[in-house]
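K.L.:
model the structure of this input:
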Amino acid sequence: MADGASIRLDRFLWFARLAKTRSAAQAIAEKGTLRLDGRRIERSAAPVRIGSIIVFPLFGKVLALRVEALPKRRGPRPRQPSFTRVWKSRRPETLTPQNPGHSRGARYRPFAAQGADLP
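P.N.:
Here you go, the predicted model:
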C-alpha cells in the first residue's frame, strides 16, 4: 500500500485477528476504551496507518500495539503475517492512580465524573 494509505479501524482489528467478527471489531471500536495514537476512539471508521499506536484493555491487561503493516485481507491463521508488534503490555494494578488516597479499592475509577458517588 502507498505511504499515505489507511484502513478503517474495525477492518484492521478484524483483518489482524484481534476481533473474531467484523461486528465485534465495530463494538470494540465504538465502546470508547480503545485509543489510537493517544486519542480516545468512539467510531469504527477511524483511519489506521502504518506506525499508529493502538492501546486497549484485553483480558485484564492494557495492551499497546504498533502497526507495522496494513493487511489487504483476512487470511488463514497459520499463514497470517504479523501486522502488529506488542509495544507495551502491563497489568492495570501497576498503574498509579490519580488519587492515591482513595478508599474504594478495586472499584476505584479514575475517569469517573468528579464528585460522583459509586454504589
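K.L.:
from here on, just use CA atoms for contacts and neighbour counts.
P.N.:
Will do.
K.L.:
Leu63 - how many residues pack around it?
P.N.:
18 (other Cα atoms under 10 Å).
K.L.:
quick one: it from Arg73, how far?
P.N.:
Between Leu63 and Arg73 the computed distance is 23 Å (Cα to Cα, to the nearest Å).
K.L.:
before we move on, what about Phe59?
P.N.:
In terms of Cα to Cα, Phe59 sits 26 Å off from Arg73.
K.L.:
looking at those two, which is more packed in?
P.N.:
Applying other Cα under 10 Å to Phe59 and Arg73 shows that Arg73 carries more neighbours, namely 12 against 7.
K.L.:
wait, that one touches Phe15, no?
P.N.:
Yes: the criterion here is Cα atoms under 8 Å, and Arg73 meets it with Phe15 at 6.0 Å.
K.L.:
what's the host helix or strand of Ala64 packed up against?
P.N.:
Per DSSP states H and E, Ala64 falls inside strand 61-67. Contacts defined by 3 or more Cα pairs under 8 Å, 6 or more residues apart in numbering; DSSP states H and E place strand 61-67 against strand 53-58, strand 84-90.
K.L.:
ok, and for it, which residues are buried?
P.N.:
Buried residues in strand 61-67, counted by 16 or more other Cα atoms under 10 Å: 63-67.
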